[in-house]
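*Asks:* Output the structure for:
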Amino acid sequence: MDEAEAFWASSRPQISIFPQVDQEFAELSSLNEMDLSGDIIPPEARFGGKATNLARLGRVLSGTFDDWVEVGFGIPVYYYLQFMRANRIASALDPTREVTYEEHLRELFDSKEFATNSEMRFRALQDFRDFARQNGGVEDELVDRLASRIVEIFGSAETMVRFRSSSNVEDALEFNGAGLYESTGVCVADTLDN
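*Replies:* Residues are numbered from 1 along each chain as shown. Now for the predicted structure:
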């Protein structure tokens, strides 16, 4: 058994570059405004791979391809962290205690059973996603900022826009996040979500 575990440990893919996270950057930068230089910090650390690569693509498309340049903006990981730290759920270790979403996931990630039992891992993550969708709250200030930015970038509160997740490792060679996330269509003028 030790030999098998040693083999699997040596064969496990390793992330070549550990992803950075910019926990301070909070600007809702348009695709054109994003600093893609990486001089301060990689843009993926702020906006994730999908948003960053869409901004990069827009900068190289020209001439007959101008019509294919997308407009949009990125929502920095700062707001994901804010969401994960502001909302609460029962502890994965002690259901009588309440912890932040971030702490709950850390408890799961540190659990040997979570790491080795795929059924338990799938169930725990599905339960967390369901709970977060039903109970997670986003601050009104952010909702207002997003609504204003949508009108500024897209020209109208009645324009339907897509919200896409953008992981900071989804385009790494060791991890392809294609198909892992759901997109959401939103319209600022839509009152159904109020």
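*Asks:* Below-threshold pLDDT in this protein: ranges please.
*Replies:* The model of the chain has pLDDT under 70 over residues 15-16, 168-180, 191-194.
*Asks:* show me where this structure has helices.
*Replies:* For the chain, applying DSSP state H gives helices covering 2-11, 44-60, 77-86, 101-109, 112-116, 118-135, 140-154.
*Asks:* from those, which stretch is densest packed?
*Replies:* helix 44-60 (a mean of 20; mean count of other CB atoms under 10 Å). In this view, the C-beta of every residue, glycine as well, is placed from N, C-alpha and C.
*Asks:* C-alpha coordinates for stretch 26-39, CSV please?
*Replies:* Output in CSV follows, covering the C-alpha atoms of stretch 26-39 (Å, rounded to 0.1, in the frame of the first residue of the first chain):
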residue,chain,number,x,y,z
ALA,A,26,-12.0,46.7,-6.1
GLU,A,27,-12.4,48.6,-9.3
LEU,A,28,-15.0,47.4,-11.8
SER,A,29,-12.6,48.0,-14.8
SER,A,30,-13.9,47.8,-18.3
LEU,A,31,-12.1,45.3,-20.6
ASN,A,32,-10.3,48.3,-22.2
GLU,A,33,-9.3,49.7,-18.8
MET,A,34,-7.8,46.5,-17.4
ASP,A,35,-4.0,46.7,-16.7
LEU,A,36,-2.8,43.7,-18.5
SER,A,37,0.9,44.5,-18.2
GLY,A,38,1.4,42.4,-15.0
ASP,A,39,3.8,45.1,-13.8
